[in-house]
Structures are given as C-alpha cells and as structure tokens.
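> How does the following fold in three dimensions:
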Amino acid sequence: MSDARVPILMYHAVATDPNAATRALSVTPEAFAEQMAVLADRGRTPVTTAELASCWRSGRALPERPVLVTFDDGYEGVHRHALPALAEHGFPATLFVTTGWLRGPYDTGGGLDTMLDWAQVRELAAAGVEIGGHSHSHPQLDQVSEATLRFELIHCKEIVSDRLGSVPTSFAYPYGYSSRRVRQAVRETGYAQALAVGNGLARRAQGPYALRRVTVRRGTGIEEFERVVEGRAIARTFARDRALTKGYAVVRGTRRARGLVSRTGG
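Now for the predicted structure:
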C-alpha cells in the first residue's frame, strides 16, 4: 500500500569488542543474529533500499510486512558477522560505504575501526547486499562548500562503480544530516533515493530523498527491537534522540547561515 509504514533499521559496526569510537552504535554478533531471527519469526520480508524506492516510485505493491536492514560506513564485522546471519535467513540488505574509509587504494585513514576491504565488499554484493554510497570522507554534508559536496558525492559514486562494476543508486547521509541543497545535489549526481535517520518509520510521503530510519545500537534490547520493528512506542523510545536532533538543528542552521555570509563576503 502507498501509505505503508516501513521500518528501516540502521546498523553500524557488528563486533564483539569494538573500540570506543564505535561502541555505542555497534551491536554484538549474537544480538544481530537474534534480531534477524525475530524478523524471520515475525514473518518480515527484508528488501533493499533500491527495491523499496522502486516500489513506491512505480506504485507496485510491496511484499508482505517489509523491512530494510541497512549498515553505514563499512565495518569489517558486516562481512565477518552480519553476512552469515543474513544468509541463514536468505535476507538481502543494504550497505552504505564511505569509500575513503575502506581498506585499499582509496583509503584516507579516516576509518573509525577495522573496515572492510574491497574484496569483502564484492563478496557482500555477490551475496545479495546492495552497495550504496555514504560519501568519500564522511563529512557533515550540509556544512561543506558546494565544490566539496559535489566531490564527496561524485567521487564516492565513481569509486563504487569502478570497484564493483555497477553504479550505486542509493545514498545515506553521513550523520543523517542533509538540507535542501544537499538533497538536490544527491539527486543531480544520479542517486535515485537517499536515507536520513529521523528515528521514525519510512513512508512514501517523505519523498525518495528523506526516508527515515530507526537506530539499532548496543543498548537496544530484544523487546525494544521487537517494538520498533512493529512500529510501537517509537516516539517514546527515541524521545531523547529527537530532542537532541531538534536542538542541534538550530545550531547547524546558524552555522550554515554564517558560512553563507562569509562565503559571500557579507
């Protein structure tokens, strides 16, 4: 149905012993496996980001009880730990890679923990994981210049295309931050859809460049996970996240305005 509310789960690292920089937004391999089992037990049908957007764009019916499993950045544990759990249930997923963080010829050294290499990314793609873009160096895209914004989007897309032989069509905003200018640039550089955060269920009415996701983190217990997937008590579960996001949005808007003034010499 066009008014369906779809849970898009946002993961980062899947690791037993992550470092301090990634711990809060990580999940253990055991927790991830249990969460995938819950999706299977609840009769959920995982789809990729491109599939969801295509259905909503064309008006085709979504599968029964859809859900999306997404990963940001490109941590090595997605291949080591998440892939076997996904494969056990035959689940697809979407991985949004920060190309300058992955191990290999384009590595800028910015990765926060052990990252995937391109051979592992290719294996994930071959196993049914959609590979999307997440910028090249993971900046706050709504705070950078137009030239930097375009470079981050285009360079990421070109590297993924070169390494995998297919053009990425989905994008996820680093930190979840975007603006009208950023969303327009994402569209103009050829991405067909993009994910934010927002900690709410995704709806067609949000538009293809601002689809919401819900955060799964180390502190997400299995009962909370079940509630989120079923769309229950989401506002209460993420009340603190939303309050912080709204407050920071004011700060960020002020920064953007100051940046525009300085660039125009006003």
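
> going forward, measure contacts and count neighbours with C-alpha atoms only.
Noted.

> could you point out the longest strand in this structure?
Ranked by residue count and defined by DSSP state E, the top strand of the chain is strand 66-73.

> I'd like the distance from that one to the chain centre, please.
Taking CA atoms, centre = their mean, to the nearest Å, one finds strand 66-73 lying 6 Å from the centre of the chain it belongs to.

> any weak-confidence spans in this structure?
1-2, 240-266 (pLDDT under 70).

> what's the nearest residue to residue 107 if we skip its chain neighbours?
Leaving aside its sequence neighbours, residue 107 sits nearest to residue 100 (CA to CA, 6 or more residues apart in numbering; 4.7 Å).

> I'd guessed the one you found sits against residue 137; true?
Yes: assessed by CA atoms under 8 Å, residue 100 is found in contact with residue 137 at 5.3 Å.

> Give the residues shared as contacts by the two.
Overlap of the contact sets of residue 100 and residue 137 (by CA atoms under 8 Å, 6 or more residues apart in numbering) consists of 108, 110.

> if you count what's nearby, which of the two comes out ahead?
residue 100 (24 against 21; other CA atoms under 10 Å).

> any idea where the helices of the protein begin and end?
Applying DSSP state H to the chain gives helices spanning 29-41, 49-58, 77, 83-89, 118-126, 146-164, 180-188, 222-229, 234-237, 239-264.

> Can you say which of those helices is packed in most?
Mean neighbour count, computed with mean count of other CA atoms under 10 Å, is highest for helix 77 among the helices of the chain, reaching a mean of 23.

> which residues are contacting that one?
For helix 77, contacts defined as CA under 8 Å, 6+ apart pick out 13-15, 115-116.
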